[in-house]
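J.: sequence and predicted structure, then a few things I'm wondering about:
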Amino acid sequence: MSGILPYLINALLYAGLAFHFWRTRWAHAVHTEPAAPSHDAVEHYAVLVPLGLHTVLLAQSAFGTHGLYLGIGNAISAILWLTVLIYWLGNFYYKLEGLQALVMPVAALASFLPAVFPSLQPLPNTEFAALKIHLLIAMFAYSLFTIASLHVLLMALLERRLHDGALPQMLQRLPPLLAMETLLFRIIWAGFILLTLTLASGVVFSEELFGKAAKFNHKTVFGVASWIIFAALLTGRHVYGWRGRVAVRWTLAGFLTLVLAYIGSKFVLEVILGRA
């Protein structure tokens with residue numbers, strides 16, 4: 001129980017922030033006064049409390065004496081840790097505030113997963129620099145596409161509620177849809193570049209370790225499929241001006257395919273088949 005308790009506390013801290021943001025931003029109707037800028041700053045820096053604990057717990061569970069422990073629990077936890085960090089840093093430059101109530105519940109669940117699905121064996125071949133670079137780039141790509149998926153869901157919600165007439169306070173404070181759409185495609189472009197580098201670094205690592213460009217397996221197939229989906233989305237945006245519901249569908253399809261490429265395969269191997 002003592003081993004689970006810190007993870008439970010971390011999850012509850014994230015969940016508490018999620019509830020606060022929902023209660024103060026989403027649950028109130030049009031007549032609620034916006035929060036003062038100083039209040040916004042306090043809330044912004046309050047995210048550092050669960051994020052800091054998350055950092056410590058993730059470092060303890062993922063970095064061991066025998067190597068890097070990156071099972072499904074630690075992998076998802078690391079991706080959401082990086083997602084929260086990118087969101088927190090991005091909030092200095094972009095109005096990403098509407099994502100708090102979406103990011104925090106997912107982070108709460110992810111931060112608790114290492115306690116439920118502990119990594120029992122270290123990841124093989126982590127002594128190779130190519131694998132370390134590959135994993136780092138992949139984590140950034142996953143995190144950016146996680147933010148893009150949450151962002152596109154927020155856009156879809158805003159578009160739907162605009163037709164209803166009455167918006168919660170949080171939706172009133174968001175930038176116009178066109179501005180949000182511009183930011184979405186910037187995030188997708190950054191994620192796509194990192195995904196391209198992930199696939200390329202995977203080829204380099206495979207060459208270094210196995211002497212061939214890539215292993216043909218479900219991870220490779222879904223990884224390439226997600227790259228094709230996002231490439232088609234960005235091409236459609238540039239050539240045909242795709243936006244709105246088309247962007248929502250393609251973004252979510254690409255993200256779900258990417259999830260199947262790595263997280264899905266680890267879930268099947270570790271949880272269903274019981275293999276490390």
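T.: Great, that's in hand.

J.: and the helices in the stretch 51-200 of the chain, which stretches?
T.: 72-90, 100-116, 129-164, 169-172, 177-210 (DSSP state H, counting those that start in this stretch).

J.: can you flag the weakest of those helices by average pLDDT?
T.: Least confident of the helices of the stretch 51-200 of the chain, judged by mean pLDDT, is helix 169-172 with a mean of 66.

J.: how is this structure partitioned into domains?
T.: Per the record's domain assignment (automatic domain parsing), the chain is made up of the domains 1-120, 124-276.

J.: as TSV, the ones you listed with mean neighbour count would be great.
T.: From N, CA and C alone the C-beta is placed, and that goes for glycine too. Compiled in TSV, the domains of the chain are given as follows (neighbours: other Cβ atoms under 10 Å):
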stretch	mean neighbour count
domain 1-120	17
domain 124-276	17
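
J.: who's in contact with the closest residue to Ile188 other than its chain neighbours?
T.: Spatial nearest neighbour of Ile188, chain neighbours left out: Ala148 (5.2 Å); criterion: Cβ to Cβ, 6 or more residues apart in numbering. Residues in contact with Ala148, defined by Cβ atoms under 8 Å, 6 or more residues apart in numbering, are Leu184, Ile187, Ile188, Gly191, Thr251, Phe255.

J.: which residues touch the strand or helix carrying Ala18?
T.: Counting by DSSP states H and E, the element that carries Ala18 is helix 5-21. Helix 5-21 is contacted from outside by 43, 46-47, 49-50, 53-54, 57, 100-101, 104-105, 107-109, 111-112, 114-115, 170, using Cβ under 8 Å, 6+ apart.

J.: what packs against the helix or strand just after that helix?
T.: Downstream of helix 5-21, the first helix or strand assigned by DSSP H and E is helix 37-46. Here helix 37-46 is seen to pack against helix 5-21 when contacts are counted using 3 or more Cβ pairs under 8 Å, 6 or more residues apart in numbering; DSSP states H and E.

J.: for the helix it packs on, give the mean pLDDT please.
T.: Mean pLDDT, computed over helix 5-21, is 95.

J.: and Asn125, backbone torsions?
T.: phi 70, psi 20 (degrees, to the nearest 10).

J.: relative to Tyr240, how far out is the closest residue to it other than its chain neighbours?
T.: Counting by Cβ to Cβ, 6+ apart, Leu131 is the residue found nearest to Asn125 once chain neighbours are left out, at 5.4 Å. Separation of Leu131 from Tyr240 (Cβ to Cβ, to the nearest Å) stands at 39 Å.

J.: please tell me how far the residue nearest to Asn125 sits from Asn74.
T.: Leu131 is 16 Å from Asn74, by Cβ to Cβ.
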